[in-house]
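Enquirer: Sequence first, predicted model second:
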Amino acid sequence: MSSRIDVSIEHRNVPEPPGKHPNTCPSCSSHYRDDELEAALWVCPHCGHHFTMRARARIASLADEGTFVEEAAELRSEDPLDFFDLRPYTERLAEAEMKTGLGEAILIGHGLIDGNAAELAVMDFAFMGGSMGSVVGEKFSRGCDSAAQRGVPLVSVTASGGARMQEGILSLMQLPKTVCAVEDLHDAGQPLISVMSHPTTAGVLASFASLGDVIVAEPGALLAFTGPRVVQQTTREKLPDDFGLAEQNLRFGHLDAIVPRPELKAYVARLLRLFSRNGD
Amino acid sequence: MATDHELRLRERLTRLRNLNLLGGARVSGELEKLQRQLERIQAAPTDEEIWRSVELARHQDRPYTLDYVERLFDDWVELHGDRGRADDHALVIGLGRFDGRTVALVGNQKGRDIKERTDRNFGMAYPEGYRKAMRLMELADLHKFPLVSLIDIPGAYPGVAAEQHGQGGAIARSQALMSRLQVPIVCCVIGEGGSGGAIATAVADRVLMQEHAIYTVISPEGCAAILWRDAGEAKKAAAAFKPDALHCLELGVIDGIVPEPEGGAHTDPDEAARLLGESIREALEELESIAPDDLKRRRRAKFRSLGVYA
């Protein structure tokens, strides 16, 4: 007969504290209405924190109004492995599509950026963590081909947790697939301008995102092959404060520039003008 | 179940048969190989068999790159260093004579005892390792040596310095370089083909896998930790993402399976080396008749065709 009652098990079922409201700045705790954030391009007007930006909003912020024409919107993922973890992959896909209104974690299409023709490939972190499966790989590759055919540069904006585990080895194969597509684009004489937004990690960082002729990042973006939590857990190393962040990557020579979101369009347009052979 | 897998493989066969427009003469060799693979398929591997491959791929006595090098190559000269900052011992590069021709070899290398394992960082390369590999690839391209790549890496190294030295970029650029090479590339997964660390040196014209090797996007433990929130569920994770050679073949990720001696490569390293050598020889002979520019084009087309979507 124990005189003490073990209550530790009770704690296992205690619900997690409610998450912060998505419009609350994680850095300075300022809170905003949707329209305020939208007007500020999802950059905190107080401290400059960059919230993750949805793909359509990103395109609206980069492409000249009414010029963007989406391509390959009809592609959808399949479930080659009949993958089932805690829930079936197909269910996760359907849920992501309903939640985001997107068919996959990337949007591609062509348009004008400050009057300069370009192909755009923009990822959306809200769709299964921006993970790269067969469709993301295929759409990005088609973006490369479309850019090559039109004779225009490709501008990619990445936001991804890495490869999509639910597609197993096929998701790893999207690394060489997108790499080969970039190489074909380069053979066609066109550049890739890679914009890394928060977060650009693992499989996407280790493939096309790092192959930009020019690579820029947004302030505070996490750009790491292995994220801080896993590095901490496996090596028990003390991590530097800015581990894996854009600022550290710039210092170590992996980036050309850190460009705040409000200046991004002008910056990309300047690059596009430089890459177009004397304005033709 | 077996018929299901068979059907899919047959489907691939049919697709290949209808490919004469693209492929040219060499597709027929591919056809024959697939046909043979099909004959070997009796049944889909069970979850237990998949886990056995995970264990065999990681077996402490499994032959590593240098074990095969000493059995297959004459006049082996190991080269060192990335010509930038370090010599990563987790990855070996060198030149040797294989079947009368000089080949360039890159391979991941694990250690046998505690001291060597630490020195080789358990086979996990730093960015310096991929740059060392790239240096060899450039050498091979310049001197027209075929490239052989042996894969046996648990995964890229998750460390502070590895990140600071640009792990992601190094893996990306190594793949990009391989997609530009104009020499034949044969790659074989001889143990663990772990995620980005593996694909960095696996963009080959022929990708082979030993019977009990595994090829994964993330370690079973890592996948379990993320999707099941419990690294102990590794067995379940492995069964779900199917890292075994047969499934990789079925998905079109690899071009062929290299048989191992009964019970796994470690039971008879000499025989394992002989079987591996035979497969590499066959692949090289096939590739050496293809024009360099064609090689590159087909390699890219092959990797660009990978994926399943609707």
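Expert: On my side now, so go ahead. Because the structure is a prediction, the values reported are computed rather than measured.
Enquirer: and stretch A:78-93, which residues are buried?
Expert: Using 16 or more other Cβ atoms under 10 Å in any protein chain shown as the test for burial, stretch A:78-93 gives A:Glu78, A:Asp79, A:Pro80, A:Leu81, A:Phe83, A:Phe84, A:Asp85, A:Tyr89, A:Arg92, A:Leu93. (Glycine included, C-beta is placed from N, CA and C.)
Enquirer: got a list of what the fourth one touches?
Expert: Shown here is A:Leu81, whose contacts under the criterion Cβ atoms under 8 Å, 6 or more residues apart in numbering or on different chains are A:Tyr89, A:Gln166, A:Glu167, A:Gly168, A:Leu170, B:Ala240, B:Phe241, B:Lys242.
Enquirer: longest strand of chain A?
Expert: As assigned by DSSP state E, the longest strand anywhere in chain A is strand A:192-201.
Enquirer: hey, where'd the helices end up in the stretch 101-250 of chain A?
Expert: Secondary structure of the stretch 101-250 of chain A (DSSP state H, counting those that start in this stretch): helices at A:134-150, A:168-187, A:202-205, A:228-235, A:246-251.
Enquirer: Against which helices or strands is the third one packed?
Expert: Read it as helix A:202-205. strand A:154-160, helix A:168-187, helix B:167-178, helix B:195-199 (3 or more Cβ pairs under 8 Å, 6 or more residues apart in numbering or on different chains; DSSP states H and E).
Enquirer: now for those, which one comes closest to B:Gly111?
Expert: Each of the helices and strands packed on helix A:202-205 was scored for nearness to B:Gly111 using Cβ to Cβ, and the closest is helix B:195-199 (16.0 Å).
Enquirer: contact partners of that closest one?
Expert: A:163, A:172-173, A:175-176, A:202-203, A:206, A:225, B:108, B:124-125, B:151, B:153-157, B:167-168, B:171, B:175, B:189, B:192, B:215-219.
Enquirer: let's see it at 6 Å
Expert: Outside of helix B:195-199, the residues within contact range by Cβ atoms under 6 Å, 6 or more residues apart in numbering or on different chains are A:Leu172, A:Leu175, A:Pro176, A:Ala206, B:Ile151, B:Ile153, B:Gly155, B:Ala156, B:Ile171, B:Val217, B:Ile218.
Enquirer: Stretch B:216-225 now?
Expert: With contact meaning Cβ under 6 Å, 6+ apart, stretch B:216-225 is reached by A:163, A:165, A:169, A:171-172, B:155, B:195, B:230-231, B:233-234, B:237-238, B:243.
Enquirer: And A:Phe127, how far from A:Thr100?
Expert: 5 Å (Cβ to Cβ, to the nearest Å).
Enquirer: more neighbours, the two?
Expert: Comparing A:Phe127 with A:Thr100 by neighbour count (other Cβ atoms under 10 Å in any protein chain shown), the higher total belongs to A:Phe127, at 25 against 18.
Enquirer: what's near enough to touch that one?
Expert: Residues in contact with A:Phe127 (Cβ under 6 Å, 6+ apart) are A:Ala96, A:Thr100, A:Leu102, A:Ala105.
Enquirer: possible to save those as a markdown table with distance to chain B and pLDDT?
Expert: Formatted as a markdown table, the contacts of A:Phe127 follow (distance: Cβ to the nearest Cβ, whole Å; pLDDT from 0 to 100):
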| residue | distance to chain B | pLDDT |
| --- | --- | --- |
| A:Ala96 | 15 | 96 |
| A:Thr100 | 18 | 96 |
| A:Leu102 | 15 | 97 |
| A:Ala105 | 13 | 98 |
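Enquirer: Narrow the residues you listed to those in strands?
Expert: Using DSSP E to define strands, no part of the contacts of A:Phe127 is located there.
Enquirer: export those to CSV and tack on distance to A:Pro191?
Expert: Formatted as CSV, the contacts of A:Phe127 follow (distance: Cβ to Cβ, whole Å):
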residue, distance to A:Pro191
A:Ala96, 31
A:Thr100, 29
A:Leu102, 27
A:Ala105, 24
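Enquirer: If you rank these by neighbours, which is first?
Expert: A:Ala105 (29 neighbours).
Enquirer: That one is in contact with A:Val136, isn't it?
Expert: Yes - the pair A:Ala105 / A:Val136 is scored as a contact, 5.4 Å apart, by Cβ atoms under 6 Å.
Enquirer: give the contact list for the spatially closest residue to B:Ile199 that is not a sequence neighbour.
Expert: Among residues not flanking B:Ile199 along the chain, A:Leu175 sits closest, at 5.2 Å (Cβ to Cβ, 6 or more residues apart in numbering or on different chains). Residues counted as contacts of A:Leu175 (Cβ under 6 Å, 6+ apart) are A:Gly203, A:Ser207, B:Ile199.
Enquirer: ok, 8 Å please
Expert: A:Ala163, A:Gly203, A:Ala206, A:Ser207, B:Ile171, B:Ala172, B:Gln175, B:Gly196, B:Ile199.
Enquirer: swap in A:Leu271?
Expert: So A:Leu271 contacts A:Pro153, A:Ile193, A:Val214 (Cβ under 8 Å, 6+ apart).
Enquirer: helix, strand or coil for it?
Expert: Put simply, A:Leu271 is helix when judged by DSSP: H, G, I helix; E, B strand; the rest coil.
Enquirer: Need the residue closest to the centroid of the chain.
Expert: In the absence of a named chain, this looks at chain A. Centroid-nearest residue in chain A: A:Ala159, 1.0 Å away (criterion: Cα atoms, centre = their mean).
Enquirer: should've been chain B
Expert: Nearest to the mean C-alpha position of chain B, by Cα atoms, centre = their mean, lies B:Val189 at 3.2 Å.
Enquirer: Does that residue lie in a helix or a strand, and which?
Expert: Assigned by DSSP states H and E, B:Val189 belongs to strand B:185-194.
Enquirer: where does the chain dip in pLDDT?
Expert: Since no chain was named, I'll use chain A. By pLDDT under 70, the weakly predicted segments of chain A are A:1-18, A:278-280.
Enquirer: switch to chain B, that's the one I care about
Expert: For chain B, residues meeting the criterion pLDDT under 70 lie at B:1-31, B:33-34, B:36-43.
Enquirer: Just the CA atoms from the lengthiest helix in it would do, formatted as CSV, please.
Expert: Longest helix in chain B by number of residues (criterion: DSSP state H): helix B:269-288. C-alpha atoms of helix B:269-288 as CSV (Å, rounded to 0.1, in the frame of the first residue of the first chain):
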residue,chain,number,x,y,z
PRO,B,269,33.8,-10.0,-48.5
ASP,B,270,35.8,-11.6,-51.4
GLU,B,271,32.6,-12.9,-53.0
ALA,B,272,30.8,-9.6,-52.3
ALA,B,273,33.7,-7.8,-54.0
ARG,B,274,33.6,-10.1,-57.0
LEU,B,275,29.9,-9.6,-57.5
LEU,B,276,30.2,-5.8,-57.1
GLY,B,277,33.1,-5.7,-59.5
GLU,B,278,31.1,-7.7,-62.1
SER,B,279,28.2,-5.2,-61.9
ILE,B,280,30.5,-2.2,-62.2
ARG,B,281,32.4,-3.7,-65.1
GLU,B,282,29.2,-4.5,-67.0
ALA,B,283,27.8,-0.9,-66.4
LEU,B,284,31.1,0.7,-67.4
GLU,B,285,31.3,-1.3,-70.6
GLU,B,286,27.8,-0.3,-71.5
LEU,B,287,28.4,3.4,-70.8
GLU,B,288,31.8,3.6,-72.5
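Enquirer: With that, I have no additional questions.
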